[in-house]
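Chemist: would you be able to build a 3D model of this:
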Amino acid sequence: MTTTSSRFAGALLRRYVCEHVPTIRSGTRSLVSSHKSLPQAQKSLNLCKSHRDPISAPRSRICRISNTPRSYCTYPPNKSRKMGKKNKGPSTPPSSSLILPAPPTSKPIVDTHTHLASTFKEYQDRYATRTADVNDLPTQGKTIETVYDFANVMYEGKAVEAIVDVWCEHTQIKSRLWKEYADAALDTPSKWGSMEYHFVIGIHPHEAKDYDDEVEAILAEAAAHPRCVGLGEMGLDYHYSLSPHDVQQAVLRRQLELAVKLDKPLTIHTREAEEDTERLLKEIVPKDHKIHIHCFTDSPEFARRLLEWFPNLYIGVTGVVTYTTNANTAQVVRELVAEPESKLRIVLETDAPYMVPANIYDSVPAIKGKRFPIHGRLCRLA
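Modeler: Numbering: from 1, shown residues only. Below you'll find the model as predicted:
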């Protein structure tokens with residue numbers, strides 16, 4: 001859950017400060033960033049050309065790389081892994097596997113970026129009976145029919161104080177499901193229980209081709225809702241290029257201008273588009289505007305330029321910080337921690353139902369031996 005991601009990020013921050021040699025860990029393997037091992041590690045990464053996408057790849061397809069130039073990939077991309085007679089197709093473990101133990105902390109947790117509607121949809125698709133058959137839950141036996149039931153059961157005892165739900169698909173936005181979720185938070189008592197529900201809304205760069213005047217009007221309407229805390233996620237994604245680059249830029253420009261006009265904070269998605277993202281942000285957005293660079297994976301130099309230009313900009317850290325194939329996020333964290341006189345401009349996010357931490361089984365002893373229906377899905381619960 002959100003708590004687990006927070007524990008991982010917190011542990012990483014403490015380790016980076018205390019250790020003399022910066023290390024990226026995944027399970028029991030490590031990639032040591034020293035002058036001797038870094039070239040070897042880079043060579044290892046280059047050997048695995050089919051698995052260069054550490055962001056969307058499920059854990060089973062993340063390259064397991066030691067500090068020697070050897071690739072641990074065991075099957076080609078887009079092919080299922082063969083396990084002999086044991087491979088009988090995808091299986092779904094009992095819903096009790098979705099519950100993680102609460103962390104030993106009383107600190108309140110805020111998940112700054114999650115896709116609750118998508119996570120609940122995955123849950124509905126996999127668990128037709130939707131009954132909370134978990135022995136140690138106060139809600140044992142409660143039928144989970146609504147997203148509110150789902151959230152109350154799964155967040156129980158996890159110290160999650162608030163979430164920022166993200167609406168960035170044009171079909172969801174036009175369906176106005178976001179309004180139903182947000183209005184429920186205004187009820188007395190709230191259907192969300194003790195958890196504070198907030199949301200941001202915008203068009204993802206993948207869907208920039210579907211942006212139109214109707215969508216923009218809905219964004220303006222949603223921005224006025226008491227539970228709306230920003231616009232996004234919006235931005236540029238040149239890795240997948242599911243919308244033409246010029247269209248992505250035009251749509252980002254329109255959304256940035258709308259956010260500035262309405263004085264709403266920004267949630268920015270940027271991937272392999274550093275130059276254009278930086279240019280548009282600096283051209284349109286005032287320097288003191290509040291900005292959240294969501295799930296940062298680009299170069300540390302890019303992060304530094306943005307942080308220096310925008311004093312109210314924060315870097316979003318997800319479970320991707322645990323991936324051995326992604327050194328950028330960890331390096332940004334190390335550099336920020338190394339500056340004791342400046343405040344740590346980092347926010348934690350799950351980006352559920354994506355970005356499950358790669359080392360979850362090794363880092364939480366209480367869940368060893370369990371199987372989770374994740375591998376890129378239902379990661380909020382992990």
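
Chemist: kindly indicate whether the closest residue to residue 152 other than its chain neighbours is helix, strand or coil.
Modeler: Distance criterion CB to CB, 6 or more residues apart in numbering; nearest residue to residue 152, sequence neighbours excluded, is residue 193 at 4.8 Å. Every residue, glycine included, has its C-beta placed from N, CA and C. Judged by DSSP: H, G, I helix; E, B strand; the rest coil, the three-state class of residue 193 is coil.

Chemist: do a quick rundown of the strands in the protein.
Modeler: 23-26, 29-32, 109-114, 160-167, 196-201, 228-237, 266-271, 291-293, 313-317, 346-348 (DSSP state E).

Chemist: would you single out the least confident of those?
Modeler: Among these, strand 29-32 has the lowest mean pLDDT, at a mean of 29.

Chemist: point out where the protein drops to low pLDDT.
Modeler: Residue ranges of the chain with pLDDT under 70: 1-106, 127-142, 361, 363-382.

Chemist: rebuild the strands of the chain as TSV, extending it with mean neighbour count and distance to residue 173.
Modeler: Below are these laid out as TSV (neighbours: other CB atoms under 10 Å; distance: least, CB to CB, whole Å):
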stretch	mean neighbour count	distance to residue 173
strand 23-26	20	36
strand 29-32	18	40
strand 109-114	22	17
strand 160-167	23	6
strand 196-201	22	6
strand 228-237	25	11
strand 266-271	25	14
strand 291-293	25	19
strand 313-317	23	21
strand 346-348	18	23
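
Chemist: circling back: so who does the residue nearest to residue 152 touch?
Modeler: For residue 193, the contacting residues are 148, 151-152, 155, by CB atoms under 8 Å, 6 or more residues apart in numbering.

Chemist: for residue 252, same thing?
Modeler: 205, 208, 234-236, 280.

Chemist: farthest pair in those?
Modeler: Maximum pairwise distance among those (CB to CB): 12.9 Å, between 208 and 280.

Chemist: okay, those two: which has more neighbours?
Modeler: Remark: of residue 208 and residue 280, residue 208 carries more neighbours, 26 against 19, as counted by other CB atoms under 10 Å.

Chemist: wait, doesn't the more buried one sit right on residue 253?
Modeler: No. Using CB atoms under 8 Å, residue 208 is not in contact with residue 253, being 10.6 Å away.

Chemist: about what we covered before: relative to residue 245, which of the strands of the chain is closest?
Modeler: Between residue 245 and those, the shortest gap by CB to CB is with strand 228-237, which sits at 7.5 Å.

Chemist: for the closest one, which strands pair with it and how are they oriented?
Modeler: According to DSSP bridges, strand 228-237 has the following sheet partners: strand 196-201 (parallel), strand 266-271 (parallel).

Chemist: let me have these in a markdown table, extended by distance to residue 223.
Modeler: Below are those laid out as a markdown table (distance: least, CB to CB, whole Å):
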| stretch | distance to residue 223 |
| --- | --- |
| strand 196-201 | 7 |
| strand 266-271 | 12 |
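
Chemist: mind listing which of the contacts of residue 193 are in helices?
Modeler: Mapping those onto helices (DSSP state H) picks out 148, 151-152.

Chemist: mind putting those into JSON lines with distance to residue 218 and neighbour count?
Modeler: JSON lines is the format used below for the ones in helices among the contacts of residue 193 (distance: CB to CB, whole Å; neighbours: other CB atoms under 10 Å):
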{"residue": "148", "distance to residue 218": "23", "neighbour count": "19"}
{"residue": "151", "distance to residue 218": "24", "neighbour count": "24"}
{"residue": "152", "distance to residue 218": "28", "neighbour count": "20"}
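
Chemist: the closest residue to residue 316 other than its chain neighbours: what's it in contact with?
Modeler: Nearest residue to residue 316 in three dimensions, chain neighbours excluded: residue 294, at 4.5 Å (CB to CB, 6+ apart). Residues in contact with residue 294, defined by CB under 8 Å, 6+ apart, are 113, 232-233, 235, 267-269, 316, 349, 351.

Chemist: mind checking how far residue 294 is from residue 265?
Modeler: Remark: distance between residue 294 and residue 265 (CB to CB, to the nearest Å) = 12 Å.

Chemist: now do residue 123
Modeler: Computed as CB to CB, the residue 123 to residue 265 distance reads 29 Å.

Chemist: tell me which of the two has more neighbours.
Modeler: Using other CB under 10 Å, the more surrounded residue of residue 123 and residue 265 is residue 123, with 22 against 17.

Chemist: touching, that one and residue 150? I think so.
Modeler: Yes. Between residue 123 and residue 150 a contact is recorded at 6.2 Å, counting by CB under 8 Å.

Chemist: list residues touching both of the two?
Modeler: In contact with both residue 123 and residue 150: residue 144, using CB under 8 Å, 6+ apart.

Chemist: kind regards, and thank you for your time.
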